[in-house]
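**Student:** Next input, structure requested:
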Amino acid sequence: MDRRRQHHAGEFVVVGALTIPAVYERLSMERYMRMASLNMYRYEVLYQSLSLTCYLSTRDYLIELLKEA
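**Tutor:** Next comes the predicted model:
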């Protein structure tokens with residue numbers, strides 16, 4: 001009986017040793033994907049802000065040109 005218990009304990013150690021790195025890798029990849037998604041969102045917000053700023057300054061410049069003409 002003890003031998004069978006030791007054998008099963010060994011199996012659990014092997015299964016744990018093979019499973020833990022895979023779970024860690026999955027969590028690491030999920031964390032990387034969340035960070036990448038957050039960075040994409042930040043760049044999108046920055047692009048929209050710069051685009052709006054350029055649009056408004058160009059619009060104001062053209063309105064001034066048309067007033068002078």
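**Student:** Please make it C-alpha for all contacts and neighbour counts, starting now.
**Tutor:** Will do.
**Student:** Against Glu30, how distant is Leu18?
**Tutor:** Shown here: Leu18 relative to Glu30, a distance of 19 Å by CA to CA, to the nearest Å.
**Student:** Hmm, I typed the wrong one, I wanted Ser57.
**Tutor:** 41 Å.
**Student:** So for stretch 26-42, mean pLDDT?
**Tutor:** Stretch 26-42 shows an average pLDDT of 90 in the prediction.
**Student:** and that stretch, how far out from the chain's middle?
**Tutor:** For stretch 26-42, the distance from its own C-alpha centre to the chain's C-alpha centre is 2 Å (CA atoms, centre = their mean, to the nearest Å).
**Student:** who touches it?
**Tutor:** With CA atoms under 8 Å, 6 or more residues apart in numbering as the test, stretch 26-42 has no contacts from any other residue.
**Student:** Next, the buried residues of stretch 22-31.
**Tutor:** Of the residues in stretch 22-31, none count as buried by neighbour count, 16 or more other CA atoms under 10 Å.
**Student:** chain center to the helix or strand harbouring Asn39: distance?
**Tutor:** In this assignment (DSSP states H and E), Asn39 forms part of helix 2-68. For helix 2-68, the separation from the chain centroid amounts to 0 Å (computed by CA atoms, centre = their mean).
**Student:** and Tyr47, how many neighbours does it have?
**Tutor:** Counted by other CA atoms under 10 Å, the residues lying close to Tyr47 total 12.
**Student:** Tell me the spacing between it and Arg31.
**Tutor:** Look at Tyr47 and Arg31: by CA to CA, they are 24 Å apart.
**Student:** And for Ser37?
**Tutor:** Summarising the geometry, the distance separating Ser37 from Arg31, computed by CA to CA, is 10 Å.
**Student:** same thing with Ala17?
**Tutor:** Separation of Ala17 from Arg31 (CA to CA): 22 Å.
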